[in-house]
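[1] Give me coordinates for this.
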Amino acid sequence: MTKIKVIIPAYNEADSIAHVINDIPKIVDEIIVVSNDSNDDTEINAKNAGATVLVENNRGYGYACLKGMDYIANQNERPDIIVFLDGDYSDYPEELTKIIAPIINDDVDFVIGSRVKELREKGSMTVPQIFGNWLSTTLMTILFRAKFTDLGPFRAIKYNTLLELKMEDKTYGWTVEMQLKVLRKKFNYTEVPVNYRNRIGVSKVSGTVKGAIFAGVKILGWIFKYSFKK
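    Just a heads-up that it's a prediction; the model follows:
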């Protein structure tokens, strides 16, 4: 049987985290919530909902994801698939079965949940997010002949593939780093259209000018770094 673990980075998601956990299909072996320096009830609400709760005090999306990966690496039994999704309830966790299907059925290495326009709730993605996604995926198409249309956070990857990527970004560049390394190492990948709704609470990245700028700079930095890498 396929062993699946979910990693959810969460910074002050007390109002949403239990909804996310409760909607994840029961086929998942373990849900790991990484509280990223939260100062609300994220940790207790996640624990009460049945998740394993880790704490990462270094604030940053990549820091939280790496914390979850380190926890898994120290377990006796390794999973087959790792799924990442956000803790703000903007994703539809029940669609996890759609995300992992290409891996299980077609031996695909990496799958992104693509937030296509027709499945997005109005206002669920800001103008900077939409533009940033378009710019980033367009550059990847031009520079690497990629077929990505999104940098969506809801994604699944074979565990062994994830280890081979040797992920390192600690903050906003985590998602694009993963995609660029998949391209570089020539792993096979695909996208699955997913629904997307307005998050609970305020975004810590796209909801602030500072966050949007820093994210944009980091993402473009990774793309150009890899475009010149031998």
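
[2] quick check, distance from the helix or strand containing Glu177 to the centre of its chain.
    Using DSSP states H and E, Glu177 falls within helix 174-184. In terms of CA atoms, centre = their mean, to the nearest Å, the centre of helix 174-184 is set 12 Å apart from its chain centre.

[3] Now do whichever helix or strand comes after that helix: which elements does it pack against?
    For helix 174-184, the following helix or strand on the C-terminal side (DSSP H and E) is strand 189-193. Packed against strand 189-193 by the contact rule (3 or more CB pairs under 8 Å, 6 or more residues apart in numbering; DSSP states H and E) you find helix 96-106, strand 110-114. The way it works is simple: take the backbone N, C-alpha and C, and place the C-beta from them, glycine included.

[4] Just the endpoints, please. Distance across stretch 104-112?
    Stretch 104-112 has an end-to-end distance of 14 Å (CA to CA, to the nearest Å).

[5] Highest mean neighbour count out of the helices and strands packed on strand 189-193?
    For the helices and strands packed on strand 189-193, the largest average neighbour count (mean count of other CB atoms under 10 Å) is found in strand 110-114, namely a mean of 24.

[6] Find the nearest non-adjacent residue to the residue nearest the centre of the chain, please.
    With distances taken as CA atoms, centre = their mean, the residue of the chain nearest its centroid is Pro153 (3.1 Å). Nearest residue to Pro153, sequence neighbours excluded (CB to CB, 6 or more residues apart in numbering): Asp86, at 4.9 Å.

[7] Look up phi and psi at that neighbour.
    When read as degrees, to the nearest 10, the backbone of Asp86 gives phi -80, psi 160.

[8] Please look at it and Val6 and confirm they touch.
    No - using CB atoms under 8 Å, Asp86 is not in contact with Val6, being 11.3 Å away.

[9] Can you pick out the residue with more neighbours from these two?
    Just comparing Asp86 and Val6: by other CB atoms under 10 Å the higher neighbour count belongs to Val6, 26 against 20.

[10] so that one sits in a helix?
    No - counting by DSSP: H, G, I helix; E, B strand; the rest coil, Val6 falls outside a helix, being strand.

[11] follow-up on the earlier one: quick one, what contacts the residue nearest to Pro153?
    Under the criterion of CB atoms under 8 Å, 6 or more residues apart in numbering, the neighbours of Asp86 are 8-9, 20, 153-154, 199.

[12] show me where this structure has strands.
    Under the criterion DSSP state E, strands of the chain are mapped to 4-10, 30-35, 52-55, 81-84, 110-114, 155-158, 189-193.

[13] can you redo those as JSON lines with distance to Ser136?
    Output for these, formatted as JSON lines (distance: least, CB to CB, whole Å):
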{"stretch": "strand 4-10", "distance to Ser136": "20"}
{"stretch": "strand 30-35", "distance to Ser136": "24"}
{"stretch": "strand 52-55", "distance to Ser136": "29"}
{"stretch": "strand 81-84", "distance to Ser136": "17"}
{"stretch": "strand 110-114", "distance to Ser136": "12"}
{"stretch": "strand 155-158", "distance to Ser136": "15"}
{"stretch": "strand 189-193", "distance to Ser136": "14"}
